[in-house]
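Peer 1: Please find the sequence and the predicted model below.
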Amino acid sequence: MKTTELIQQIQKKKSFLCIGLDVDLNKIPQHLLKEEDPIFAFNKAIIDATHHLCVSYKPNTAFYEAYGLKGWKALEKTINYLNEKHPEIFTIADAKRGDIGNTSTMYAKAFFEDLAFDSVTVAPYMGKDSVEPFLAFEDKHTILLALTSNQGAFDFQTKTVDGKELYKQVLETSKTWKNSKNLMYVVGATKAEYLADIRKIIPNSFLLVPGVGAQGGNLQDVCKYGMNAHVGLLINSSRGIIYASNNEDFAQVAASKAAELQQEMQTILSK
Ligand SMILES: O=C(O)c1cc(=O)[nH]c(=O)n1[C@@H]1O[C@H](COP(=O)(O)O)[C@@H](O)[C@H]1O
């Protein structure tokens, strides 16, 4: 998908919400366990109830890999369902990959070609030759971890190296890589106060911002410091939406949680 198509969808839906499909069989409504594929049944119900409120879905692959072959099949069914029924929606494989070049190429093929996701999350730690293989795919996006939402972000990412914080070095250096136009970045919603500085380095890039809802990040602050002329934000919430109820009404309750965030976004966009 081209970034212009994502921007059009944001304008049309008045939403920049990304719903995280982090399926945990211990948390989904127990009546779904009777289904042949409970993970897919859960995702399908959530997607059917919320697709008009969001512009993106982000399955975190850990939640599928944990269930082995069955989990991977459910992931494949989920991405196929999204691509068939809602091709306008921007899909993110949250896999946090990155390795030596030839291995990264295989990861990129797995997520961009075999599973046909629009984007994948990638860790920058191994540097240029570990990320450029992902960037070589046209109209596919590589979402690089810049400043993450967790406490451990302060272990390395904010440390000063050669007079500059490491996450800033990641942003600046990554801009010099081949096909860097295909980069987006992860910045945690819990780190909203860093966004003004981040925008000085990457004013035009899209940011995936997880950490509202269950992790306590604040949507208003993220928008205040992180929004650009094309919005430039995808705000993710996973548990706060998909596990709002674990009764038979789970999909409707998830939709009402998603609608609350979408309404807040619509108000911000209208200002
Ligand atoms: O790359 C991510 O999406 C990510 C980066 C980050 O810094 N923090 C973070 O929470 N995430 C992911 O975003 C989702 C957040 O889920 P909730 O806290 O349930 O909304 C999970 O899938 C995390 O793995």
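Peer 2: Received the coordinates, thanks.

Peer 1: ranges for the strands of the stretch 101-250 of the chain?
Peer 2: Taking DSSP state E, counting those that start in this stretch, the strands of the stretch 101-250 of the chain run over residues 119-122, 141-147, 160-161, 164-165, 183-187, 207-210, 233-237.

Peer 1: now these as a markdown table including mean neighbour count?
Peer 2: C-beta: built from backbone N, CA, C; applies to glycine. As requested, those are exported to a markdown table (neighbours: other C-beta atoms under 10 Å):
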| stretch | mean neighbour count |
| --- | --- |
| strand 119-122 | 26 |
| strand 141-147 | 26 |
| strand 160-161 | 10 |
| strand 164-165 | 14 |
| strand 183-187 | 24 |
| strand 207-210 | 26 |
| strand 233-237 | 27 |
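
Peer 1: what distance separates the start and the end of stretch 139-150?
Peer 2: Terminal residues of stretch 139-150 are spaced 30 Å apart (C-alpha to C-alpha, to the nearest Å).

Peer 1: Do that stretch and the ligand come into contact?
Peer 2: Yes. Stretch 139-150 lies within reach of the ligand by C-beta under 6 Å from any ligand atom, at 148-150.

Peer 1: for those residues, which one is nearest residue 175?
Peer 2: residue 148 (19.3 Å; C-beta to C-beta).

Peer 1: Excluding chain neighbours, give the residue nearest to the closest one in space.
Peer 2: residue 188 (5.2 Å; C-beta to C-beta, 6 or more residues apart in numbering).

Peer 1: What about that neighbour, how many residues nearby?
Peer 2: For residue 188, the neighbour count with other C-beta atoms under 10 Å is 24.

Peer 1: for the stretch 151-271 of the chain, what spans make up the helices?
Peer 2: Counting by DSSP state H, counting those that start in this stretch, the stretch 151-271 of the chain has these helices, from start to end: 153-156, 166-174, 195-201, 219-226, 239-242, 250-270.

Peer 1: No more questions from me, cheers.
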